[in-house]
Structures are given as structure tokens and as C-alpha cells.
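Student: How does the following fold in three dimensions:
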Amino acid sequence: MPVELKILAWGVVLLLVHIFAAAHLKTRQFGPRWNMGARDETLPPLRPVVGRFVRAQANFQETFPIAIVALIGVVVAGRTSEWTALGGWIWLGARVAYLPLYGLGVPMVRTLAYAVSLVGLAMVLTPLFRG
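Tutor: Now for the predicted structure:
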């Protein structure tokens, strides 16, 4: 199996970590009744750490489709290489680092991790633009 698909599978695990981390923190703030309810009520603002984890989740969900297309794209096109594998691992590693950095409120390093993840995606996408 191409390593790019393994990276993608780990990306799915990371998505689940994002979802459960944010849900756990929201449940701690609003309680289990809120979590198991219809969630129709108006809620007070999220605590800062909770809000950061929710925003980190949203950011990952916005960019994960790009990674899916890139990683599956190189596999389907038969354009996998050490370069695309390295790019995929860079993307994944940077995204793993991004969650705690955002959650802890580390501003510039978090942005650097995001930028590194984009470099990794560019490494994966590049072969798809070359005939």
C-alpha cells in the first residue's frame, strides 16, 4: 500500500482527536446534559482554551479535504515518490504539532506549524501539476 494512504489514514485519526478534544472541553464547560441534549439553547461564550480547540478543529476540517485530494491524487495518478511521501509526513507532523500549539495559545509558532503543513501539501501536489 502506498505510504500516502497510510498518512491519510493517520490524518483521519488526527481529525478524530480534534473532534473529541473539542467536544470533551465543551462538555466540561457546558456539562453532560448539554452534550446529550439537542443543543438548542443559547450558550455563554466559550472559555478561551475551549474556543481555541474548537477553532483548531475548524481549521483542520477546512484544510483536510486539500490533503485528501493531494494524497489520493498522487496515488491515483501513479505519481507517488519519496518526495510526496516526505511531503505527506511533513504535513501530518506539522498538523499534529498545530493542535497543542493552538490549544496552549502559542501564537507565532502555531502559525509557523500551519505554514510548514502547507509546504508539505505543496510537495505532495507538485507532481500532479507536472504532466
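Student: for the lowest-mean-pLDDT helix or strand in the chain, packing partners?
Tutor: Every helix and strand of the chain was ranked by mean pLDDT, DSSP states H and E. The lowest is helix 32-36, at a mean of 90. Contacts defined by 3 or more Cβ pairs under 8 Å, 6 or more residues apart in numbering; DSSP states H and E place helix 32-36 against helix 3-30. The C-beta positions use only the backbone N, C-alpha and C, and glycine is treated the same way.
Student: Next, the buried residues of the helix it packs on.
Tutor: Within helix 3-30, the residues that qualify as buried by neighbour count (16 or more other Cβ atoms under 10 Å) are 3-4, 7-8, 10-11, 14, 18, 21-22, 25-26, 29-30.
Student: which helices and strands sit right next to it?
Tutor: Contact partners of helix 3-30 among helices and strands, from 3+ Cβ pairs under 8 Å, 6+ apart: helix 32-36, helix 48-76, helix 82-103.
Student: 10 Å instead, please
Tutor: Applying 3 or more Cβ pairs under 10 Å, 6 or more residues apart in numbering; DSSP states H and E, one finds that helix 3-30 contacts helix 32-36, helix 48-76, helix 82-103, helix 107-129.
Student: All good on my end, thank you.
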